[in-house]
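J.: fold the following and give me the result.
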Amino acid sequence: SSAQRLALSVERSHFLICEGQVSEAQSLLFDVTAWPDIDKSSYFYASAIYQIGFTYDLREQPERCGYYEQAQALAEDKFSDVYLSATMGLITNCEADSDAGERLGKMFIVLEKYSATKDYQALAHIHNSIGLVYGGLQQHVLAAEQYLKAHEMGLKVYTGSNQLTILISAITSLFASGQYDRAYETIQEFERINQNVGTPLTNFFYAYALAGYYYRIEDIKKLKLNLPELKRTAEQTSNPVFHNLSNWLQTVPCVYEKDIQCLEDYLTQAEAEDSASMRFIGQNLEYQKFRVDIAIAMGDLQQAENTFADYAKNFRASAQKSQSSASILSVANLY
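T.: I've put the predicted structure just below:
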């Protein structure tokens, strides 16, 4: 029946997303939601609209917000899981200019609603979203705590790659807060769980986390040993953000070895890559430092000066944001 075709297609798109096949999932969802006989009051239509938003979210594209709003309206008072996901997506990604305390207040109200239940899936989702807000405010120690709490709760109910997607966020925040030893312990836990999961997406996350660890502790020898696996796993996904993250780390040894041809090739490639994903990566202070390192290695002192000026400006802005957002600690403690 039409309803069964819709349900199966939306479920299939979900598995494609979990496999890292974001482009394929999005194409399927666009096709499904355009069917002339589709029941727009059904659970799976609301789920499809939410998942379109999520595919944009994975690519850090602003179109996600419109779909999250649609999904929230479709699911209100009917489909609690879709409604919760859409609401968390809106607060996390689409209210970035709102007062931080107000955003956290909204999340803690939702958390209070679920805290008396045994709905560990919802609780994990909420704590993960709170972690995303903290991370956006440069409060990475707090973010890591929320991600690890979400992971602990998620283990009670999640299977497959859902056990690991929160854990990679925890690793990222541990990196950002300089907790490298704890990050490595978490990477080891990730690897242990991934032995029984091993999807293209989770395999990429593991290779990326390990490469990121070696990069940050400047163990270039071990980084080089890990890079072929990182490239292989990135190529098994269709997410341009993952491809560009891999290309960045593949080029790190070229800086240390002053391989000018390699660096020139990377700069040419980076200019030609998907602009949205490169803009997202370009906001990362580690990446901005990397671009300074490239200019210095190539002996282009004027470019090095210009790039460092941008890095210093963004570093100051990040530090100011971190300090100004420290006021949210009182809000968090209150709740």
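
J.: contacts for whichever helix or strand residue 242 is part of?
T.: Per DSSP states H and E: residue 242 is located in helix 240-257. For helix 240-257, the external contacting residues (Cβ atoms under 8 Å, 6 or more residues apart in numbering) are 20, 58-60, 204, 208, 211-212, 215, 220, 223-224, 227, 230-231, 234-235, 237, 259, 262-263, 266, 269-270, 273-274, 276-278, 280-281, 287, 290, 293-294, 297. The way it works is simple: take the backbone N, C-alpha and C, and place the C-beta from them, glycine included.

J.: for that helix, list the C-alpha coordinates in CSV.
T.: The C-alpha trace of helix 240-257 is given here as CSV (Å, rounded to 0.1, in the frame of the first residue of the first chain):
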residue,chain,number,x,y,z
PRO,A,240,31.7,16.5,1.7
VAL,A,241,32.5,17.6,5.3
PHE,A,242,34.1,14.2,6.0
HIS,A,243,36.0,14.3,2.7
ASN,A,244,37.4,17.7,3.5
LEU,A,245,38.3,16.8,7.1
SER,A,246,40.2,13.8,5.7
ASN,A,247,42.0,16.0,3.1
TRP,A,248,43.1,18.4,5.8
LEU,A,249,44.7,15.7,7.9
GLN,A,250,46.2,14.0,4.9
THR,A,251,48.1,17.3,4.3
VAL,A,252,49.5,17.8,7.8
PRO,A,253,52.7,15.7,7.3
CYS,A,254,53.4,17.8,4.2
VAL,A,255,53.7,20.9,6.5
TYR,A,256,56.2,19.1,8.7
GLU,A,257,58.2,17.8,5.7
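
J.: buried stuff in that helix?
T.: 240-255 (16 or more other Cβ atoms under 10 Å).

J.: what element comes up after the strand or helix carrying residue 182 heading to the C-terminus?
T.: Assessed by DSSP H and E, residue 182 sits inside helix 180-194. Scanning forward in sequence from helix 180-194 by DSSP H and E, the next helix or strand is helix 200-216.

J.: kindly calculate the angle that that next one makes with helix 240-257.
T.: Here helix 200-216 points in a direction 30 degrees away from that of helix 240-257 (axes from the mean of the first three to the mean of the last three Cα atoms, to 10 degrees).

J.: centre of the chain to helix 200-216, how far?
T.: Distance of helix 200-216 from the chain centroid (Cα atoms, centre = their mean, to the nearest Å) equals 13 Å.

J.: which helices and strands does that helix pack with?
T.: Applying 3 or more Cβ pairs under 8 Å, 6 or more residues apart in numbering; DSSP states H and E, one finds that helix 200-216 contacts helix 162-176, helix 180-194, helix 220-235, helix 240-257.

J.: could you export that helix as PDB, CA atoms only?
T.: Provided in PDB are the C-alpha atoms of helix 200-216 (Å, rounded to 0.1, in the frame of the first residue of the first chain):
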ATOM      1  CA  PRO A 200      31.100   3.100   7.000                       C
ATOM      2  CA  LEU A 201      30.100   6.100   9.200                       C
ATOM      3  CA  THR A 202      31.500   4.700  12.500                       C
ATOM      4  CA  ASN A 203      34.600   3.400  10.800                       C
ATOM      5  CA  PHE A 204      35.300   7.000   9.500                       C
ATOM      6  CA  PHE A 205      34.600   8.500  13.000                       C
ATOM      7  CA  TYR A 206      37.100   6.100  14.600                       C
ATOM      8  CA  ALA A 207      39.800   6.800  12.000                       C
ATOM      9  CA  TYR A 208      39.200  10.500  12.200                       C
ATOM     10  CA  ALA A 209      39.300  10.600  16.000                       C
ATOM     11  CA  LEU A 210      42.500   8.600  16.100                       C
ATOM     12  CA  ALA A 211      44.100  10.800  13.400                       C
ATOM     13  CA  GLY A 212      42.900  13.900  15.300                       C
ATOM     14  CA  TYR A 213      44.500  12.600  18.500                       C
ATOM     15  CA  TYR A 214      47.900  12.000  16.900                       C
ATOM     16  CA  TYR A 215      47.700  15.400  15.200                       C
ATOM     17  CA  ARG A 216      47.100  17.200  18.500                       C
END
